[in-house]
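[1] model this:
(2 chains)
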Amino acid sequence: MRMLRKDSGLISALALLPLHAAVAAEPGVNALNYPGPTWSPYVVGAGIGVLSWLTFYFSNSPIGASSFYAQVSGFIGKLFAKRHTNSLTYFKDNPPSVNWELVFVVAIIIGGAIGALTGGEFTNEWLPPMWTARFGDSLTLRAVVAIAGGILMAFGARLAGGCTSGHGISGTLQLNLASWISVICFFVGGIAVAMLLFKL
Amino acid sequence: MIDQRKAVPQSAEKSAPLVAVAPKLLAGVVFGLAFGFLLQKGGVGKFNVLIGQLLLQDFTVAKVMLTAIVVGMVGIFTLHHFAKVKLHIKPTRLGANIIGGLLFGAGFALMGYCPGTAAVALGQGSWDALFGMAGLVAGSWIFAELSGWTKRTIENWGDLGKVLLPDLLHIPRGVFVVIFAVLLTAGLLVLHQYFPR
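    Have a look, this model is predicted:
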């Protein structure tokens, strides 16, 4: 009974997503009212550019992030259904292993923590303030939307062959046609859905 | 350094004991730390900066990416010219790039972080990134389940193979890099002029 009520609450919360937005304090949230970067974007961009030289030269690897999640899903799959996991086309072509990209993304988490702590920016919060301003303080709503977004994004990344790092930085800087098409589509899809969510 | 790696066949590298791959993994850790640190300082681990870009209010993401592309491109093509690095080109598949790209974008707007910046967000204590990361693992699994089908269908639609922009336009790579670097820098100057952030 309790479970049922929780579920129906969730469903109504989702159905009311646009309504939540409508009753939020300010219609049309402004991203510039919230904290921005601490370093110049040009310094950071140049740093990432130089970092890409180093990863190509020393590791023979382009910067990328999305395949980390595919590897983790492969490890979990192997834990519960080894034969089935090994039979899937994607894992036949890309067998999960402890490799460069796996440790690279784990290290990104630590690098992000060092950046935040050295700048006094460690947030320790479950809901981004800009999200709360628009959709209220339901953690369930945020969780459902973020999980759904993650599922769509990972599926899209695997289909397109990369993410904002693999295509958006490493592929575009190599002048790869696939990457320029993909990254333009990332932003077309992203802008359309973000406008629906935050501007309507 | 590159020659050494060339001598190791791909399959041997995969099944090599941890000791043999440890230096490569250690390099991955160092570069990952630097990447995460830079992204955090660039503000792109922040929900409002990422969503702000999609709302065309905050152009930090575009500035970071375009600068990285200009600097990265000039260096990588110079190193490649002197045979110091190998290029890593993924094939162009119009159907998969476009459909996958649009799905990715829709997911990006819902989640508010992308795969790399979610890791940064988690590091800086934005715990909602955990939900998104769980979704990313689930979505990767769903793709793997359907990967036999996508390989037979969507991934064959408009399969052009490995194509670089200069080859498509029949312009020598070096010339293209110089022209493109100038154009992208001009784009950055325009962004800098019209968008304070």
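[2] pLDDT below threshold where in chain A?
    A:1-27 (pLDDT under 70).
[3] can you give me the helices for chain B?
    B:2-6, B:10-15, B:18-41, B:47-54, B:60-81, B:94-111, B:115-123, B:129-152, B:165-168, B:173-194 (DSSP state H).
[4] then chain A?
    A:2-15, A:17-23, A:41-59, A:66-80, A:82-87, A:89-93, A:100-118, A:129-135, A:139-160, A:172-173, A:177-198.
[5] wait, does the fourth one contact chain B?
    Yes. Helix A:66-80 comes into contact with chain B when judged by C-beta under 8 Å from any C-beta of the partner chain, the residues involved being A:66, A:68-70, A:72-74, A:76-77. C-betas here are computed from N, CA, C, even on glycine.
[6] can you pull the contacts of residue B:99?
    Residue B:99 makes contact with A:156, A:159-160, B:154 under the criterion C-beta atoms under 8 Å, 6 or more residues apart in numbering or on different chains.
[7] please list all residues in contact with residue B:165.
    Contacts of residue B:165 by C-beta under 8 Å, 6+ apart are A:175-177, A:180, B:176, B:180.
[8] got JSON lines for the helices of chain A, with distance to residue B:34 and mean neighbour count too?
    Shown next, in JSON lines, are the helices of chain A (distance: least, C-beta to C-beta, whole Å; neighbours: other C-beta atoms under 10 Å in any protein chain shown):
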{"stretch": "helix A:2-15", "distance to residue B:34": "40", "mean neighbour count": "11"}
{"stretch": "helix A:17-23", "distance to residue B:34": "38", "mean neighbour count": "13"}
{"stretch": "helix A:41-59", "distance to residue B:34": "6", "mean neighbour count": "21"}
{"stretch": "helix A:66-80", "distance to residue B:34": "17", "mean neighbour count": "21"}
{"stretch": "helix A:82-87", "distance to residue B:34": "33", "mean neighbour count": "13"}
{"stretch": "helix A:89-93", "distance to residue B:34": "29", "mean neighbour count": "17"}
{"stretch": "helix A:100-118", "distance to residue B:34": "6", "mean neighbour count": "23"}
{"stretch": "helix A:129-135", "distance to residue B:34": "28", "mean neighbour count": "20"}
{"stretch": "helix A:139-160", "distance to residue B:34": "23", "mean neighbour count": "25"}
{"stretch": "helix A:172-173", "distance to residue B:34": "17", "mean neighbour count": "26"}
{"stretch": "helix A:177-198", "distance to residue B:34": "22", "mean neighbour count": "22"}
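[9] listing request: residues of chain B with sub-threshold pLDDT.
    Ranges of chain B meeting pLDDT under 70: B:1-18.
[10] so which residue is smack in the middle of it?
    residue B:116 (8.8 Å; C-alpha atoms, centre = their mean).
[11] same question for chain A.
    Short answer for chain A (C-alpha atoms, centre = their mean): residue A:150, at 6.5 Å.
[12] give me the nearest residue to residue 53, chain neighbours excluded.
    Picked chain A for this. Nearest non-adjacent residue to residue A:53, counting by C-beta to C-beta, 6 or more residues apart in numbering or on different chains: residue B:75, 4.2 Å away.
[13] that was the other one, I meant chain B.
    According to C-beta to C-beta, 6+ apart, the nearest residue to residue B:53 is residue B:61 (3.9 Å).
[14] shouldn't the one you found be in contact with residue B:48?
    No. Under the contact definition of C-beta atoms under 8 Å, residue B:61 does not touch residue B:48, with a separation of 11.4 Å.
[15] nearest residue to residue B:126 in space, please, no chain neighbours.
    Nearest residue to residue B:126, sequence neighbours excluded (C-beta to C-beta, 6+ apart): residue A:123, at 5.3 Å.
[16] since we're on that neighbour, how many residues are nearby?
    17 (other C-beta atoms under 10 Å in any protein chain shown).
[17] related to what we said a few turns ago, number of nearby residues for the residue nearest to residue B:53?
    24.
[18] next up, the contacts around it.
    Contacts of residue B:61 by C-beta under 8 Å, 6+ apart are B:44, B:49-50, B:53.
[19] next up, the contacts around the residue lying closest to residue A:56 once chain neighbours are set aside.
    Leaving aside its chain neighbours, residue A:56 sits nearest to residue B:85 (4.2 Å; criterion: C-beta to C-beta, 6+ apart). Counting by C-beta under 8 Å, 6+ apart, residue B:85 touches A:53, A:56-57, A:60, B:2, B:76, B:79.
[20] can we see that at 10 Å?
    A:52-53, A:55-58, A:60, A:62, B:2, B:75-79 (C-beta atoms under 10 Å, 6 or more residues apart in numbering or on different chains).
[21] now do residue B:157
    Residue B:157 neighbours (C-beta under 10 Å, 6+ apart): B:93-99.
[22] returning to that earlier point: ok, how many other residues are close to the residue nearest to residue A:53?
    19.
[23] surely it and residue A:49 touch.
    Yes. If you go by C-beta atoms under 10 Å, residue B:75 and residue A:49 touch, sitting 6.7 Å apart.
[24] show me which of the contacts of residue B:157 is closest to residue A:44.
    Among these, residue B:97 lies closest to residue A:44 (C-beta to C-beta), at 26.8 Å.
[25] between residue B:75 and residue A:49, which contacts overlap?
    residue A:173.
[26] ok, the residue nearest to residue A:180 when sequence neighbours are not counted to residue B:70 distance?
    Nearest non-adjacent residue to residue A:180, counting by C-beta to C-beta, 6+ apart: residue A:172, 5.8 Å away. If you measure residue A:172 against residue B:70 using C-beta to C-beta, to the nearest Å, the figure is 10 Å.
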